[in-house]
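Trainee: sequence and predicted structure, then a few things I'm wondering about:
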Amino acid sequence: MVKPKKFLGQHFLKEPRIAEKIVEALDITGSTSVPVLEIGPGTGVLTRLLLEKKDINLHVVEIDRESVAYLAQHYPQLHNRIHEGDFLTMDTRAIFPGAFKIIGNFPYNISSQIFFRVLEERERVEEVVCMLQKEVADRICASHGNKVYGILSVLLQAWYRCENLFKVSPGVFNPPPKVMSAVIRLKRNERTKLDCDEARFQSIVKQAFQKRRKTLRNALKHLNLPGSLDTLDLMDKRPEQLSVEDFISLTRAIEQGENVRRI
Ligand code: SAH
């Protein structure tokens, strides 16, 4: 057995029924040889079920050498498809040149970082099914107007349809984590581009939520925004009241105002 290591966020799922529900949540219909990357397989509770699915071309990435050795020994058919390393820095293109899906019981300490990587790779990451800390799951899936709506909600929902599927209690893990868990599914939406500069959009969203109790007018004051924004109704709202589309319109209004100011 692999001894769980806290610093790697290792909480091994003990309950086969929950592992089945997670694997079933991944959409693999309508295609054969669906490229799927499992992040953090550990001792393979999900891996075993994924390998049973004939239509999946499964690769796994695991940072823990001891787990890698365990997987190699118990799942010889995974040979050559076990990648020892850090998902956050790996080159996924070397494994899947085209589109692929992600599944995993994520290491909770890096789940937000995993999603920032997903965002960078969104043209290739079609779907994500994962277990993570319930608090982060709720945030990712929250709509505007909800008090947990935040940076990850806006940035991910700009590109993905996010669904909160079910909750999982600590008792089904070894060792039990201190927090509740949840399983979510993200599916790429129809959007192909933002109608504004993307880096600017991200920066506005981040800065707005850094002062989430303030109106945008106050939260973004330090940016010395063009005067044309003074009359914009959105500026009197708080960030959690803005939909993804509102944040896009706001960024566009800022860009247009700056262009006018430059002339
Ligand atoms: N899927 C297993 C293990 C989940 S625990 C189960 O459900 O039981 C999270 C796993 O992610 C651990 O095996 C841990 O070693 C691995 N891990 C942690 N950081 C990682 C990283 N940066 N890249 C890849 N795997 C990582």
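Mentor: Perfect, I can see it now.
Trainee: please count neighbours and contacts with C-alpha atoms only from this point.
Mentor: Fine.
Trainee: quick one: the helices in the stretch 101-250 of the chain?
Mentor: Secondary structure of the stretch 101-250 of the chain (DSSP state H, counting those that start in this stretch): helices at 111-120, 134-141, 151-157, 198-210, 216-219, 244-262.
Trainee: so Lys147 touches Gln241, yeah?
Mentor: No. At 9.1 Å, Lys147 does not count as touching Gln241 under the criterion of C-alpha atoms under 8 Å.
Trainee: ok, these two, which is more surrounded?
Mentor: Using other C-alpha atoms under 10 Å, the more surrounded residue of Lys147 and Gln241 is Gln241, with 17 against 12.
Trainee: my read: that one touches Gly145, true?
Mentor: Yes. Using C-alpha under 8 Å, Gln241 makes contact with Gly145 at a distance of 4.8 Å.
Trainee: tell me which residues touch the residue nearest the centre of the chain, please.
Mentor: Closest residue to the average C-alpha location of the chain: Phe115 at 3.2 Å, with C-alpha atoms, centre = their mean. Phe115 makes contacts with Leu156, as judged by C-alpha atoms under 8 Å, 6 or more residues apart in numbering.
Trainee: flag every residue of the stretch 151-263 of the chain that's near the ligand.
Mentor: Within the stretch 151-263 of the chain, no position lies close to the ligand (C-alpha under 6 Å from any ligand atom).
Trainee: where does pLDDT dip in the stretch 151-263 of the chain?
Mentor: Along the stretch 151-263 of the chain, segments meeting pLDDT under 70 span 263.
Trainee: residue of it nearest the ligand, please.
Mentor: Residue of the stretch 151-263 of the chain nearest the ligand, by C-alpha to the nearest ligand atom: Phe173 (7.5 Å).
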